[in-house]
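**Q** With the input below, show me the fold.
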Amino acid sequence: MIDSLFNAIAPHRCSSCDEIGAVLCESCKHNIISDVFVGCVLCSRPCGQRGVCEQCGRGLDITQAWCVGERRDALKNLIDKYKFESSRAASGVCSDLLDTVVPQLQPDITVVAIPSAPSTVRARGFDHMGRIADDFAKRRSLLRASPLERASSVTLHFLPRSERVRLGSSLFRLSGQQVPEKILLLDDILTTGTTLSAAVALLKRAGARQVYIAVLARQPED
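**A** Numbers count the residues shown, from 1 in each chain. Below you'll find the predicted structure:
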């Protein structure tokens, strides 16, 4: 309601081509969907339908993984506008993109978002992945839960790989909610996999039997 009113007063511009009318126009959305990422979400090497190659799969105990695309061009602009400019309208578009790449799931899977650091939520005004998870769960008629919370306000986005790995195991703690047995874990950007690995490991230790992951974008190595 508020987003619709704001759009009427100050219409959105496409985060990629600047066309007026939507946070991502249909043409730019088509460009993203038509170039869906295929390969291991961690190293980009060819792999089977699991979405993780055999080598990377040894360190990431998941059932299957999906990724919308490389963090470039239109997809990068969309995520950056949502994540760093607090464009709330982008959450529905991000959820829509995930909906195009994630196949039909079992009805007993619960949607879980990688939680943001508390300081980030305060600065942004909302939990950006929480909004996407809420929308995705509603679209698919799946349960939604938040069994994870950040253990600190440390963010890994601008840290080098060595620091990410060092801090990875201390990123999360259990929130007190029951941990579902089957989980679809959503995140925005996959860089080294440290965040997802830490979350998956904690969820598995707490009783999750199957963890699927879906990410909006994989950060290219360059």
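**Q** Kindly list the main-chain dihedrals of V101?
**A** phi -100, psi -20 (degrees, to the nearest 10).
**Q** who's in contact with it?
**A** For V101, the contact set (C-beta atoms under 8 Å, 6 or more residues apart in numbering) comprises V36, W66, C67, V68, A214. C-betas here are computed from N, CA, C, even on glycine.
**Q** Same check on L142?
**A** L105, P107, I109, T110, V111, F136, L184.
**Q** Dead centre of this structure: give me the residue that sits there.
**A** D187 (2.0 Å; C-alpha atoms, centre = their mean).
**Q** which two in the contacts of L142 are spaced the farthest apart?
**A** P107 and F136 (14.3 Å; C-beta to C-beta).
**Q** So which of those two has more stuff around it?
**A** F136 (24 against 10; other C-beta atoms under 10 Å).
**Q** where's the residue nearest to that one when sequence neighbours are not counted relative to S44, distance?
**A** Spatial nearest neighbour of F136, chain neighbours left out: S95 (4.7 Å); criterion: C-beta to C-beta, 6 or more residues apart in numbering. Distance, S95 to S44, by C-beta to C-beta, to the nearest Å: 24 Å.
**Q** Next secondary structure after the worst-scoring helix or strand of the chain on mean pLDDT?
**A** Every helix and strand of the chain was ranked by mean pLDDT, DSSP states H and E. The lowest is helix 2-9, at a mean of 46. Once helix 2-9 ends, the next helix or strand along the chain (criterion: DSSP states H and E) is helix 26-33.
**Q** which residues in this structure form strands?
**A** Using DSSP state E, the strands found in the chain span residues 64-70, 110-113, 143-144, 148-150, 172-174, 182-190, 210-218.
**Q** Redo the ones you listed as TSV? Include distance to C17.
**A** Shown next, in TSV, are the strands of the chain (distance: least, C-beta to C-beta, whole Å):
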stretch	distance to C17
strand 64-70	17
strand 110-113	29
strand 143-144	33
strand 148-150	35
strand 172-174	37
strand 182-190	21
strand 210-218	18
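**Q** Which one of these lies nearest to A198?
**A** Comparison of these against A198 by C-beta to C-beta identifies strand 172-174 as nearest, at 5.9 Å.
**Q** That closest one pairs with which strands, and in what direction?
**A** strand 148-150 (antiparallel) (DSSP bridges).
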